[in-house]
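Undergrad: Okay, predicted coordinates and the sequence, questions at the end:
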Amino acid sequence: MKQAKPIIWGVAIIALGIIFGGNALGLFTLDIFFDGWWALFIIIPSLVSLITDKDKLTSLGFLVAGIILLLAAQNVFDYDVAWKVILAVFLVIVGLTIIVRGVFKNKNDQEVAKKVEEATKDGKTMDSQMAIFSGSDRVYNDEAFQGSNLVAVFGGAKLNLKKAKFTKDTVIKAFTLFGGIDIIVPDDVKVKLKSGFIFGGFSDDRKNVTEKGKYTIYIDAAGGFGGITISDKDER
């Protein structure tokens, strides 16, 4: 579904251009600046994400919030009521997210959780990388990678393992809150992920996904209102 997202956005932008062009040339009159038109900036991205992304609950929450704000702008009900309803919707979605992720654990999540627990108990050396209201960029050049603990709060962190040396399976713990984390991995290393986000998400943008690598990176990703991306493209 990743390929569908740019197509949907492309069609939406083309339609907007046709509307502006048609209005300017007098071919038709279509006023898109109606009361509450700004709510479309919430509704349209949420609708696209609902179609293309895996995290349906978060997208659904923002879609409902956008529709409620649009209705409030159209005087269907007061804004005071709208914000209370939006808060109720988000609380329900957060609760459902916790329940779903707690009950429907798959084998992959259990395996990653076990590896992370083992790394914590054994006291294995893990590099720490923190970006709090700032940015952090760590590049491994022919260095042995033993694992990493990544934290990004109102900031961005980047971990480049493209040229790192692997001698065993490793663990990455990644947490972001109102921030973003990018992890670049080699082509010949397997990646197993366990993620838990509230109004955020994890994106796997690798072009070359292998299941035959000698070593595995176990990633425990979590956070809220932020995102973590894994790729195999070194943009340096």
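TA: Alright, I've got the coordinates.

Undergrad: So what pairs up with Ile228 in the strands?
TA: Under DSSP bridges, the beta-bridge partners of Ile228 are Ile181, Phe202.

Undergrad: Let me know whether it touches Ile181 as I believe.
TA: Yes - if you go by C-beta atoms under 8 Å, Ile228 and Ile181 touch, sitting 4.5 Å apart. Quick note: C-beta positions are derived from backbone N, CA and C, even for glycine.

Undergrad: overlap in contacts of those two?
TA: Shared contacts of Ile228 and Ile181, defined by C-beta atoms under 8 Å, 6 or more residues apart in numbering, comprise 174, 221.

Undergrad: Pretty sure Ile93 sits against Leu57.
TA: Yes - counting by C-beta under 8 Å, Ile93 does reach Leu57; the two are 5.2 Å apart.

Undergrad: Could you check which of those two has the larger neighbour count?
TA: Using other C-beta atoms under 10 Å as the criterion, Ile93 and Leu57 rank with Ile93 on top: 19 against 15.

Undergrad: Would you enumerate the residues in contact with the more buried one?
TA: With contact set as C-beta under 8 Å, 6+ apart, Ile93 has these partners: 57-58, 60-61.

Undergrad: which residues in this structure form helices?
TA: 4-25, 40-52, 56-73, 79-103, 107-121 (DSSP state H).

Undergrad: Report the helix or strand with the lowest average pLDDT across this structure.
TA: Every helix and strand of the chain was ranked by mean pLDDT, DSSP states H and E. The lowest is helix 107-121, at a mean of 68.

Undergrad: what's the most distant pair in the contacts of Ile93?
TA: The span of the contacts of Ile93, defined through C-beta to C-beta, is set by Thr58 and Leu60 at 7.2 Å.

Undergrad: Which one of these two is surrounded by more residues?
TA: Thr58 (23 against 17).

Undergrad: Show the pLDDT at the more buried one.
TA: pLDDT recorded at Thr58 is 74.

Undergrad: Counting neighbours, what do you get for Ile228?
TA: Neighbours of Ile228 under the rule other C-beta under 10 Å: 28.

Undergrad: what residue is smack in the middle of the chain?
TA: Centroid check for the chain by C-alpha atoms, centre = their mean gives Gly201 as the closest residue, at 2.6 Å.

Undergrad: surely that one meets Phe225?
TA: No - the pair Gly201 / Phe225 is not scored as a contact, 10.3 Å apart, by C-beta under 8 Å.

Undergrad: and Lys192, what are its bridge partners?
TA: Beta-bridge partners, per DSSP bridges, of Lys192: Tyr218.

Undergrad: what's the burial count for Gly17?
TA: Neighbours of Gly17 under the rule other C-beta under 10 Å: 10.

Undergrad: which one of the helices of the chain is the most hemmed in?
TA: Stretch with highest mean neighbour count among these: helix 56-73 (a mean of 19; mean count of other C-beta atoms under 10 Å).

Undergrad: Now do that one against helix 79-103, angle only.
TA: 170 degrees (axes from the mean of the first three to the mean of the last three C-alpha atoms, to 10 degrees).

Undergrad: For stretch 215-226, list every residue counted as buried.
TA: 216-223, 226 (16 or more other C-beta atoms under 10 Å).

Undergrad: how many neighbours does the closest residue to Asp127 other than its chain neighbours have?
TA: Using C-beta to C-beta, 6 or more residues apart in numbering and skipping residues adjacent in sequence, the residue nearest Asp127 is Ser148, 4.8 Å away. Neighbourhood size, Ser148 [other C-beta under 10 Å]: 22.

Undergrad: What residues does Ser148 make contact with?
TA: 126-129, 138, 159, 170, 172-173.

Undergrad: what does the model give the closest residue to Ser128 other than its chain neighbours for pLDDT?
TA: Nearest residue to Ser128 in three dimensions, chain neighbours excluded: Asn149, at 4.9 Å (C-beta to C-beta, 6+ apart). Looking at Asn149, its pLDDT reads 85.
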